[in-house]
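A.B. asks: A predicted structure for the sequence below; I have some questions about it.
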There are 4 protein chains.
Amino acid sequence: MAPTASEKGQGMPKIVNHDTRRAEIVAAAAQVVARVGLEATTVRAIAAEAGYSSGVLDHYFHGKDDILLQALQASHRGIHERLRVQLRGRRGLDALRAMLLDNLPVDPQRLSEARLEIQFWARSLADPALTRVQVRESGTFRGAIERYLHEAVADGVLAAAVNVKAEAQNLQAFVDGLSVHAAVDPARLTARLQAQLLDRELAGLDR
Amino acid sequence: MAPTASEKGQGMPKIVNHDTRRAEIVAAAAQVVARVGLEATTVRAIAAEAGYSSGVLDHYFHGKDDILLQALQASHRGIHERLRVQLRGRRGLDALRAMLLDNLPVDPQRLSEARLEIQFWARSLADPALTRVQVRESGTFRGAIERYLHEAVADGVLAAAVNVKAEAQNLQAFVDGLSVHAAVDPARLTARLQAQLLDRELAGLDR
Amino acid sequence: MAPTASEKGQGMPKIVNHDTRRAEIVAAAAQVVARVGLEATTVRAIAAEAGYSSGVLDHYFHGKDDILLQALQASHRGIHERLRVQLRGRRGLDALRAMLLDNLPVDPQRLSEARLEIQFWARSLADPALTRVQVRESGTFRGAIERYLHEAVADGVLAAAVNVKAEAQNLQAFVDGLSVHAAVDPARLTARLQAQLLDRELAGLDR
Amino acid sequence: MAPTASEKGQGMPKIVNHDTRRAEIVAAAAQVVARVGLEATTVRAIAAEAGYSSGVLDHYFHGKDDILLQALQASHRGIHERLRVQLRGRRGLDALRAMLLDNLPVDPQRLSEARLEIQFWARSLADPALTRVQVRESGTFRGAIERYLHEAVADGVLAAAVNVKAEAQNLQAFVDGLSVHAAVDPARLTARLQAQLLDRELAGLDR
DNA sequence: CATGAATGAGTGTTCATTCAT
DNA sequence: TATGAATGAACACTCATTCAT
């Protein structure tokens, strides 16, 4: 079988796929931000993480802010894609629990995502453009929670009197707050404990 | 006759109260951090906010990190003091609700505190010393929640079967998460809405 | 049948005329320099102007300085060629006026040449190799002025007492100075005004 | 006698005169530009020339462009001041000759000024802000020439029929053009020769 | 004690150059 | 031959820190 020339590390043809390279660097940037924080993230560190020299970034991005914003958005896209696959065919409280659990730092990958997100929360407080991105993302996520709650009501699992919008907001606040606590103190808030706390919070819905 | 040493511009050695001066500068630092974020906070901006030249900081602190850490701790002390006064003689769910509401960004002062806190969450993820401060503070706060929950159980307001530790953790997560959301999108999460959401969350305890 | 080697994208070795390609790129470089100045001229901009990728330059030049020097010399050659055609069969003051007028930025092409020249004046002050080029070129031009002045004397149009060398230098200084002024402030120094000023300057010769 | 503490190099009081320091650095910048050209002028070279570290510039200027523009304007101011002193009480052709001669690179100081000016001509072709500065300065200078020509007419030294505006423009073009030639080829255009050429040009006015 | 001038390391960014394809 | 990806040095600029006054 002929080897696929598009595989990484091969003697690549002179033309590289820009989107691929961009994704590579953006992933490296996300790693660095999650590891050392936004403040300590330098373009040199990103380039080194990606295995390139600092100059490469110039070919694929419009400066550092561009890279960082793309790193945030790539993280969001990754989460969305994971959820899309994971939640296919599921609905109501089942889907809701899965989605919320997926947003907790219960494993290294999700911890990394949470750490990244927290960094950008801080920055977005002083950056209107970033604020808009966060507000939109947050709204999308909350909308999904509301949808699943409505399904639960339709399925008769939840009382029709439930204030869906308020409960959705509270669940989102709970999950994001628990993410912070678990990110700051992972030894105490184990994956198992996080799941238990989530279930307890969801149990509060039956009223 | 005693000379008024507090007058400015004298040639004689000034007798200043170090703690007072430190507190002044630390308060200025907290203001700046809350306003522009940790990344954009410069020692010159802090000095200017306090009404001094940048060099003064050298006399009272061991560098920028020292100032910032003290700013965080001063914010914590301020909150504790406010709660001490506010909660005197109160107990159970009444005290719990008051304490949690005090921790939400429902007015400019509390919004400023929330903004400051979020900045330090981000930084503490990459700074072990800061992590310890945050874990301790967080534990103290959670301990207070647990105490009030125990009182509620003792008063018969809450069922004895309630898992106090878990509920305390969840309430803290909820409050911190809501703080972030309200800080990022204050237009949507008004003070009134925050209070309603808090009451709804507390209502979930009655089970 | 002979294959058309000039078609793009062929796998076979391309037969290109090096001198033609060089001339193409050099012309592009001259355009860029005239438009944005030497400081802002990048090899990528030159390549883009010529319709090639930046790497091509490597095949035809010994670095950026080589391209720029050739651009200057190409501009000089272009002017010489234009004059050769334009002045064929003319002599004395008639030829002199035509030559000097040709050196003023009275139309877009000549303005471009003037702008290019001014850029290189600046650079030649700090680059001995460039200085030599400029001194030689300047000398050639001044020699032509002197030749036409001699012809004018021979034709009895100019007094034999005229100091040809001095007048030639002054006319050249005048033309170059006016070129700068017209290049910097083209709105004020219109083509028409430049011609009038030149004629006035030439009128000063009748003494 | 008590030493004046404001003298340079002394153990200066903690307060330095900002204007003095600025002038110092601007003078250093002008030197560097005149010596190596605008392109090769770095802030580090300017700082080194002034005897400071690169960071000082931050205290006194709004970036490199600010320094360079001030260097140009300082050169202009220096020339104006020198002329003001030199031309006091003089008028007509006498003042005119003195002013024009002062603008030729007849000594190291004036050569330096000419070299600086030529650098900025080049840059102003691509920098509208700089163009405005140059056009204004050029206009002021030409206005002075016109004034002296008018005086010469009033004094009966020059024919009333003289087109003052045109002659002023031509004299300015001549002086600037000769400045370039002398700056590029100082060995050929000695101070003595420049003066002779200027006198010859001025002689052309008598018509 | 307070000042603010000065330092210099570190940053993001630009870009001529190289070279595998 | 032509490409454009990759390099890495050089740059302007920021800023915490130091310290003479």
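C.D. replies: Right, received. Where do you want to start? Numbering: from 1, shown residues only, chains lettered A, B, ... in the order given.
A.B. asks: where does chain A have low pLDDT?
C.D. replies: Residue ranges of chain A with pLDDT under 70: A:1-15, A:207.
A.B. asks: which parts of it sit against DNA strand F?
C.D. replies: With Cβ under 7 Å from any atom of the strand as the criterion, chain A meets DNA strand F at residues A:14-16, A:18, A:21, A:47, A:52-56, A:58-59. From N, CA and C alone the C-beta is placed, and that goes for glycine too.
A.B. asks: now with 6 Å?
C.D. replies: Neighbours of DNA strand F within chain A, by Cβ under 6 Å from any atom of the strand: A:14-16, A:21, A:52-56, A:58-59.
A.B. asks: make JSON lines out of those and add neighbour count.
C.D. replies: Formatted as JSON lines, the residues of chain A next to DNA strand F follow (neighbours: other Cβ atoms under 10 Å in any protein chain shown):
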{"residue": "A:Lys14", "neighbour count": "4"}
{"residue": "A:Ile15", "neighbour count": "6"}
{"residue": "A:Val16", "neighbour count": "12"}
{"residue": "A:Arg21", "neighbour count": "15"}
{"residue": "A:Tyr52", "neighbour count": "17"}
{"residue": "A:Ser53", "neighbour count": "10"}
{"residue": "A:Ser54", "neighbour count": "13"}
{"residue": "A:Gly55", "neighbour count": "9"}
{"residue": "A:Val56", "neighbour count": "17"}
{"residue": "A:Asp58", "neighbour count": "10"}
{"residue": "A:His59", "neighbour count": "12"}
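A.B. asks: which among those gets closest to DNA strand F?
C.D. replies: For the residues of chain A next to DNA strand F, the residue nearest DNA strand F by Cβ to the nearest atom of the strand is A:Gly55; the value is 1.7 Å.
A.B. asks: list the contacts of that closest one.
C.D. replies: A:Gly55 is in contact with A:Ala47, counting by Cβ atoms under 8 Å, 6 or more residues apart in numbering or on different chains.
A.B. asks: SS state for it?
C.D. replies: helix (DSSP: H, G, I helix; E, B strand; the rest coil).
A.B. asks: do the longest helix belonging to chain A and chain B meet?
C.D. replies: Counting residues, the longest helix found in chain A (DSSP state H) is helix A:128-154. Yes - among the residues of helix A:128-154, A:131, A:134-135, A:138 lie within reach of chain B under Cβ under 8 Å from any Cβ of the partner chain.
A.B. asks: same question for that helix: list its buried residues.
C.D. replies: By neighbour count on 16 or more other Cβ atoms under 10 Å in any protein chain shown, the buried set for helix A:128-154 is A:130-131, A:133-135, A:137-138, A:141-142, A:144-153.
A.B. asks: following element in sequence after it, please.
C.D. replies: helix A:164-184 (DSSP states H and E).
A.B. asks: and the longest helix of chain A, what other elements does it pack with?
C.D. replies: Packing partners of helix A:128-154 (3 or more Cβ pairs under 8 Å, 6 or more residues apart in numbering or on different chains; DSSP states H and E): helix A:64-86, helix A:92-102, helix A:108-124, helix A:164-184, helix B:164-184.
A.B. asks: could I get the ones you listed as TSV with mean neighbour count?
C.D. replies: Listed next are the helices and strands packed on helix A:128-154 as TSV, based on neighbours: other Cβ under 10 Å:
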stretch	mean neighbour count
helix A:64-86	17
helix A:92-102	19
helix A:108-124	22
helix A:164-184	23
helix B:164-184	23
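A.B. asks: closest one to C:Ser179 among those helices?
C.D. replies: When the helices and strands packed on helix A:128-154 are compared by Cβ to Cβ, helix A:64-86 sits nearest C:Ser179, at 43.1 Å.
A.B. asks: please say whether there is contact between the closest one and DNA strand E.
C.D. replies: Yes - counting by Cβ under 6 Å from any atom of the strand, DNA strand E is contacted by helix A:64-86 at A:Lys64.
A.B. asks: so which of the helices and strands packed on helix A:128-154 is nearest chain D?
C.D. replies: Each of the helices and strands packed on helix A:128-154 has some distance to chain D by Cβ to the nearest Cβ; the shortest is helix A:64-86, at 19.5 Å.
A.B. asks: next, the angle helix A:108-124 makes with that closest one.
C.D. replies: With axes from the mean of the first three to the mean of the last three Cα atoms, to 10 degrees as the basis, helix A:64-86 and helix A:108-124 are set at 140 degrees to each other.
A.B. asks: relative orientation of helix A:64-86 and helix A:128-154 in degrees?
C.D. replies: Taking the same axes, to 10 degrees, helix A:64-86 and helix A:128-154 form an angle of 10 degrees between their directions.
A.B. asks: what comes into contact with helix A:64-86?
C.D. replies: A:22-23, A:25-27, A:29-30, A:33, A:38, A:41, A:43, A:46, A:57, A:61, A:98-99, A:102-103, A:113, A:116-117, A:120, A:129-130, A:133, A:137, A:144.
A.B. asks: switch to 7 Å and redo it
C.D. replies: With contact meaning Cβ atoms under 7 Å, 6 or more residues apart in numbering or on different chains, helix A:64-86 is reached by A:25-27, A:29-30, A:33, A:43, A:46, A:57, A:61, A:98-99, A:102, A:113, A:116, A:120, A:133, A:137.
A.B. asks: and if you look at stretch A:121-128?
C.D. replies: Residues outside stretch A:121-128 that contact it (Cβ under 7 Å, 6+ apart): A:38, A:130-131, A:134, B:36-40, B:115, B:118-119, B:121-122, B:180, B:183-184.
A.B. asks: again, 6 Å this time
C.D. replies: Contacting residues not belonging to stretch A:121-128 are listed as A:38, A:130-131, A:134, B:36-37, B:115, B:118-119, B:122, B:180 [Cβ atoms under 6 Å, 6 or more residues apart in numbering or on different chains].
A.B. asks: turn the helices and strands packed on helix A:128-154 into JSON lines, including distance to B:Asp107.
C.D. replies: Converted to JSON lines, the helices and strands packed on helix A:128-154 look like this (distance: least, Cβ to Cβ, whole Å):
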{"stretch": "helix A:64-86", "distance to B:Asp107": "30"}
{"stretch": "helix A:92-102", "distance to B:Asp107": "30"}
{"stretch": "helix A:108-124", "distance to B:Asp107": "21"}
{"stretch": "helix A:164-184", "distance to B:Asp107": "19"}
{"stretch": "helix B:164-184", "distance to B:Asp107": "11"}
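A.B. asks: between the ones you listed, which one is closest to D:Leu189.
C.D. replies: D:Leu189 sits nearest to helix A:64-86 of all these, at 51.0 Å, using Cβ to Cβ.
A.B. asks: what's the angle between that closest one and helix A:92-102?
C.D. replies: Angle of helix A:64-86 versus helix A:92-102, following the same axes, to 10 degrees, is 140 degrees.
A.B. asks: just to revisit the earlier point, intersect the contacts of helix A:64-86 with the contacts of DNA strand E.
C.D. replies: Under the cut-off given by Cβ under 6 Å from any atom of the strand, DNA strand E has A:Val43 from the contacts of helix A:64-86 close to it.
A.B. asks: residue in chain A nearest to chain D?
C.D. replies: At 18.1 Å from chain D, A:Gly63 is the closest residue in chain A, using Cβ to the nearest Cβ.
A.B. asks: enumerate the residues of chain A near chain B.
C.D. replies: Proximity of chain A to chain B (Cβ under 6 Å from any Cβ of the partner chain) is limited to residues A:36-37, A:39, A:115, A:118-119, A:121-122, A:125-126, A:134-135, A:166, A:169-170, A:173-174, A:176-178, A:180-181, A:184-185, A:197, A:200-201, A:204.
A.B. asks: could you redo the last one with a cut-off of 7 Å?
C.D. replies: A:36-40, A:115, A:118-119, A:121-126, A:131, A:134-135, A:138, A:166, A:169-170, A:173-178, A:180-181, A:183-185, A:197, A:200-201, A:204, A:207 (Cβ under 7 Å from any Cβ of the partner chain).
A.B. asks: follow-up on the earlier one: just send the contacts of stretch A:121-128 back as a markdown table, with distance to DNA strand E too.
C.D. replies: Formatted as a markdown table, the contacts of stretch A:121-128 follow (distance: Cβ to the nearest atom of the strand, whole Å):
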| residue | distance to DNA strand E |
| --- | --- |
| A:Leu38 | 10 |
| A:Leu130 | 15 |
| A:Thr131 | 20 |
| A:Gln134 | 21 |
| B:Val36 | 17 |
| B:Gly37 | 16 |
| B:Arg115 | 23 |
| B:Ile118 | 21 |
| B:Gln119 | 18 |
| B:Ala122 | 16 |
| B:Val180 | 25 |
